[in-house]
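S.K.: how would this look folded up:
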Amino acid sequence: MALHMLIAFTYLPGFVTLVFRGMPTVWRGRHRLIFCWLIFMQAVSPGRKTLAEMARWTPATITAWRFGRLLKAAYWNVHLLVSWLAQDLVATLPAPTNGILYLFGDGSHADKRGTKNPVAQKGRISQHHPWFFGLRFVLLMAAWDGYRIPVGFRIILPKRHPGYRSENALFREMVGEFVPPRWAKLVIVGGDAAYGSKANMRMVQDRDKADTTRRWGFVFAIARTWKTVEEKTLKNLVTHVPHIYYQRTQVPREGAGKGRRTFWTYHTRVCLRHVGDVTLVLSKKGRNTGPHNTKLLVTNLAELTPRQVVSTYQKRWAIELMHWELKSGLGLGEHQVSGNKDRSEKSVGIAVLAYLFVLRVCQHEIVPGKPWSIFQLQHALRLRAMTNQVEHKVKVKMAKTRKAA
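M.R.: Next up, the predicted model:
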């Protein structure tokens, strides 16, 4: 397959330094310049995102060795930079009219080959998926009006590692550190059944009590093994509810922007153990579909209708799309780093920062409510960067001609 054509860059475009001018002052020596070059090349480089490949398109003084030294530097915190750039991006994007912000978490992995990486591990998503070997990470995404913004990430360490923390604990840490924008009047935290735990729901409820400026709610998928305060399992409810009680519900398609999806839903109020009163929505794709294919959704927002609950859960698809964009478009996990946890964490964080950088520079290309992709924005960014490079070369050549004359 033919790669996109790219010219070598001899200087860092002005719009790059403009984005990072308010960056926290954490750098030593020339690391600030090297960092800007690395993020810029991670965003515009068309080939593999290895350090050696990206250094091919930079000036002679910006080498792969300098990129590697930046990733090995232990004094700077990648999570601080991700949080800063994400908040800066959220503040510049147009706010939704309804004032609702969605927070979704999901885990994924990036394949690796070297067995010496201290955080690489073997696993698989389920018994129906193949085994993989690589880095596992969890991502937190903020979404509204078609926008999808990564606001945090964490590396999931192997269980044998002394610093191991569970995926749900890392998810709660990221939600706890997230500062919503001023326009957010309601924050809805969501996730699939892997995140539908008692601790996660209590965390959202505690945040709702502590935050006096806005409301916090959750929409989680849960396992059917949950029990009510009457010691009745939800599995019995899913199995024995007659299909005539299910109502037809249509929700807009996420991402495509056209058409609607049809679900059959049944809802009721239940009191779950350790959580309290919630709205339980049973959702399936066909009225006569068996209980095995029924999704259980719970929310503490009593005013939400079953259609709104299902529509909110469908917005979780955006984080799956973001995982694909980070791996395919921004080369997440392609850096050859090993030695300790911090280097692998910075390697993943560089891809997340490049994603935020592309959105920050090309946000005018996104129409609210319309579908978009990171590949479309990268194409616009490459054209802008190459145009600036050609103009710079012409100015330098004209200056030399005038000087010689």
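S.K.: Got phi/psi on D111?
M.R.: Backbone torsions for D111, taken as degrees, to the nearest 10, come to phi -70, psi 140.
S.K.: Surely it and F132 touch.
M.R.: Yes: using C-beta atoms under 8 Å, D111 is in contact with F132, at 6.1 Å. Using the backbone N, CA and C atoms, a C-beta is placed for each residue, glycine as well.
S.K.: Looking at those two, which has the bigger crowd around it?
M.R.: Shown here are D111 and F132; by other C-beta atoms under 10 Å, F132 has more neighbours (17 against 12).
S.K.: Who are the packing partners of the longest helix seen in the chain?
M.R.: Criterion DSSP state H: the longest helix present in the chain is helix 374-404. The contact analysis (3 or more C-beta pairs under 8 Å, 6 or more residues apart in numbering; DSSP states H and E) places helix 374-404 against helix 14-19, helix 31-44, helix 317-328, helix 341-361.
S.K.: Measure how it sits relative to helix 341-361, angle-wise.
M.R.: Interaxial angle of helix 374-404 relative to helix 341-361 (axes from the mean of the first three to the mean of the last three C-alpha atoms, to 10 degrees): 80 degrees.
S.K.: How far does helix 374-404 sit from its chain's centre?
M.R.: Its chain's C-alpha centre and that of helix 374-404 lie 32 Å apart, by C-alpha atoms, centre = their mean, to the nearest Å.
S.K.: Could you pull out the buried residues of that helix?
M.R.: 374, 377-379, 381-382, 385-386, 388-389 (16 or more other C-beta atoms under 10 Å).
S.K.: Then stretch 308-328?
M.R.: 308-316, 318-319, 321-323, 325-327.
S.K.: middle-most residue in this protein, spatially?
M.R.: The centroid of the chain falls nearest to P150 when counting by C-alpha atoms, centre = their mean (3.7 Å).
S.K.: secondary structure class for that residue?
M.R.: Three-state assignment for P150 (DSSP: H, G, I helix; E, B strand; the rest coil): strand.
S.K.: Just give the closest residue to it, not the sequence neighbours.
M.R.: V352 (5.1 Å; C-beta to C-beta, 6 or more residues apart in numbering).
S.K.: right, and that neighbour touches K327 too?
M.R.: No: using C-beta under 8 Å, V352 makes no contact with K327, being 11.7 Å away.
S.K.: Give me the below-cutoff pLDDT ranges for the stretch 1-150 of the chain.
M.R.: Scanning the stretch 1-150 of the chain for pLDDT under 70 picks out 1-5.
S.K.: residue ranges for the helices of it, please.
M.R.: Under the criterion DSSP state H, counting those that start in this stretch, the stretch 1-150 of the chain carries helices at the ranges 14-19, 31-44, 51-55, 64-72, 78-92.
S.K.: Outside of the shortest one itself, list whatever touches it.
M.R.: Under the contact criterion C-beta atoms under 8 Å, 6 or more residues apart in numbering, helix 51-55 has outside partners 38, 41-42, 45, 47, 62-64, 67-68, 335-336.
S.K.: hmm, try it at 10 Å
M.R.: Contact partners of helix 51-55, identified using C-beta atoms under 10 Å, 6 or more residues apart in numbering, comprise 37-38, 40-42, 44-48, 62-68, 70-71, 331, 334-337, 347.
S.K.: Please, a PyMOL command that selects the buried ones among the residues you listed?
M.R.: In PyMOL syntax, the buried subset of these is picked out as below (16+ other C-beta under 10 Å):
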select buried, resi 37+38+40+41+42+44+45+62+64+66+67+68+70+71+331+334+335+337+347
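S.K.: What about I39, how many residues nearby?
M.R.: 22.
S.K.: Contact partners for it?
M.R.: I39 neighbours (C-beta under 10 Å, 6+ apart): 16, 19-20, 81, 85, 350-351, 353-354, 356-358.
S.K.: quick one, domains of this structure?
M.R.: As given by automatic domain parsing, the domain ranges for the chain are 14-77+341-404, 223-301.
S.K.: Return the residues in contact with G190.
M.R.: So G190 contacts 102-106, 141, 143, 196, 204, 217-221, 297, 299, 309, 312-313, 315-316, 319 (C-beta under 10 Å, 6+ apart).
S.K.: how close does it get to Q314?
M.R.: 10 Å (C-beta to C-beta, to the nearest Å).
S.K.: what about the nearest residue to G163 once chain neighbours are set aside, distance to A169?
M.R.: In space, and not counting its chain neighbours, G163 is closest to L157: 5.7 Å by C-beta to C-beta, 6+ apart. Here L157 is placed at a distance of 11 Å from A169 (C-beta to C-beta).
S.K.: Specify which residue of these two has the higher count of neighbours.
M.R.: Between L157 and A169, counting by other C-beta under 10 Å, L157 is the more crowded of the two (20 against 15).
S.K.: was I right about that one contacting N117?
M.R.: No: L157 lies out of contact with N117 (C-beta atoms under 10 Å); the separation is 11.5 Å.
S.K.: Now the common contact residues for those two.
M.R.: Common neighbours of L157 and N117, using C-beta under 10 Å, 6+ apart, are 135, 341, 344.
S.K.: how about stretch 111-126: buried residues?
M.R.: 112, 117, 119-121.
S.K.: Tell me which of those residues fall in strands.
M.R.: Q121 (DSSP state E).
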